[in-house]
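K.L.:
give me a 3D structure for the following:
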Amino acid sequence: MRAIGIPAAGQLDALGPVDAPEPSGEVRVRVVCSAVNAADHKVLGGQFAGRVLHARTKPLVAGYDFAGVVEADVDDLKAGDEVFGHLPYTSRNCQGAFAERVAVPRAEIAKKPTAVGADVAAASATPALTALQSFRDKGRLKAGGRVLVTGASGGVGSVAIGVARALGAHVTAVCSTHAVDFVRDLGADEVVDRKVRDPKSLEGPFDVVFDAAAAYSYAAFRHALAPGGGYVSTLPDAGWVGGKLLATFSSKHTHFVIVKSARADLEQIGAWLAAGMKVPIDSRFPVADLRAALARQASGEVRGRVVVDVAFG
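P.N.:
The predicted structure follows:
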């Protein structure tokens, strides 16, 4: 099977076409589009975190998000059905979506709404599910609640704005000066330019602080959390551990989210996308130019998602 990858973890200079093993699993999907995530850099770069996120296969093919076409009938899915989802962020995952096909359990994918493009569906999978599971499951957000989203112009934060709005929340979003108008156009009720006002000075009260950028800590925002409110990070670090201790004797709580691809959640995201929820596309690259796509995602200038068109001719 054709793919874009490296001979082994850490060998980024050798990124290019590789022959990858055919995947085995319940539903085989021919990949049409994928998207770049921060996890891809950790996996391909051989970082310690990459060992937690992906198996050390040889060759090593990264990529988690996908939208594609079912290759054979399985349960309620028929050959030719368009589906989307993401591969698991776990050391047991031996597959990558920067490849001709993936094989996944039926319970971890959903049919793509006809009105939603493959690029948008692929771009939505990881960030939309991360946001949904952060707000609903970790933050215990209720309709009418108030949320704060950091890193609101990035891949996760930009999508989280739409998810929070779909859940009925009032959204305050934090971003840099250059992205203020972009974030406002995504539907944020209030936008905070972090270069003009320190986000840690915000008073709230917020029912959920979603630190999509993993740039702050529970301690930085606990004063701004409403009673019973929650701080949710995408990365457990020393600051998060300290926050967990601080929250022990408080009505407030802190969590980090490990996103899971679940059919019901993907179906909910699909319905929101079909209804107009925004998933901003920063740029698109053919899979042969994956090196450029990875560089764009790491540039610090991304507004939304970097999409990869997976076509091998």
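K.L.:
ranges for the helices of the stretch 101-250 of the chain?
P.N.:
118-132, 155-166, 180-185, 218-221, 238-246 (DSSP state H, counting those that start in this stretch).
K.L.:
got the angle for the longest one vs helix 155-166?
P.N.:
Note on geometry: by axes from the mean of the first three to the mean of the last three CA atoms, to 10 degrees, helix 118-132 and helix 155-166 are set 70 degrees apart in direction.
K.L.:
okay, and the helix or strand of this structure with the least pLDDT?
P.N.:
Least confident helix or strand of the chain, by mean pLDDT, DSSP states H and E, is helix 238-246 with a mean of 60.
K.L.:
coming back round to it: CSV for the helices of the stretch 101-250 of the chain, including mean neighbour count and distance to Val279?
P.N.:
(Glycine included, C-beta is placed from N, CA and C.) Below are the helices of the stretch 101-250 of the chain laid out as CSV (neighbours: other CB atoms under 10 Å; distance: least, CB to CB, whole Å):
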stretch, mean neighbour count, distance to Val279
helix 118-132, 27, 5
helix 155-166, 28, 5
helix 180-185, 17, 13
helix 218-221, 22, 26
helix 238-246, 16, 27
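K.L.:
got those helices as a markdown table, with distance to Ala107 columns?
P.N.:
Output for those, formatted as a markdown table (distance: least, CB to CB, whole Å):
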| stretch | distance to Ala107 |
| --- | --- |
| helix 118-132 | 14 |
| helix 155-166 | 21 |
| helix 180-185 | 34 |
| helix 218-221 | 33 |
| helix 238-246 | 29 |
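K.L.:
contacts for the helix or strand harbouring Ala292, please.
P.N.:
Ala292 is part of helix 290-297, with elements assigned from DSSP states H and E. Counting by CB atoms under 8 Å, 6 or more residues apart in numbering, helix 290-297 makes contact with 4, 15, 36-38, 40-41, 44, 98, 155, 282-283, 285, 302, 306, 308, all of which sit outside it.
K.L.:
which of the helices of the stretch 101-250 of the chain sits closest to Val209?
P.N.:
helix 218-221 (4.6 Å; CB to CB).
K.L.:
which other helices and strands contact that closest one?
P.N.:
Identification of packing neighbours for helix 218-221 by 3 or more CB pairs under 8 Å, 6 or more residues apart in numbering; DSSP states H and E yields strand 206-211, strand 225-233, helix 238-246.
K.L.:
hmm, 6 Å instead?
P.N.:
In terms of contacts (3 or more CB pairs under 6 Å, 6 or more residues apart in numbering; DSSP states H and E), helix 218-221 is packed against helix 238-246.
K.L.:
ok, which of the helices of the stretch 101-250 of the chain comes nearest Phe210?
P.N.:
Using CB to CB, these put helix 155-166 closest to Phe210, at 5.9 Å.
K.L.:
from the chain's centroid, how far away is the closest one?
P.N.:
Here helix 155-166 is found 10 Å from its chain centre; the criterion is CA atoms, centre = their mean, to the nearest Å.
K.L.:
send the alpha carbons of it over as CSV?
P.N.:
Taking Å, rounded to 0.1, in the frame of the first residue of the first chain, the C-alpha atoms of helix 155-166 are listed here in CSV:
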residue,chain,number,x,y,z
GLY,A,155,-6.5,23.9,14.8
VAL,A,156,-8.4,22.9,17.9
GLY,A,157,-9.5,26.3,19.3
SER,A,158,-11.0,27.6,16.0
VAL,A,159,-13.3,24.5,15.8
ALA,A,160,-14.1,24.6,19.5
ILE,A,161,-15.8,28.0,19.1
GLY,A,162,-18.4,26.4,16.8
VAL,A,163,-18.8,23.4,19.1
ALA,A,164,-19.4,25.6,22.1
ARG,A,165,-21.9,27.7,20.2
ALA,A,166,-23.7,24.6,19.0
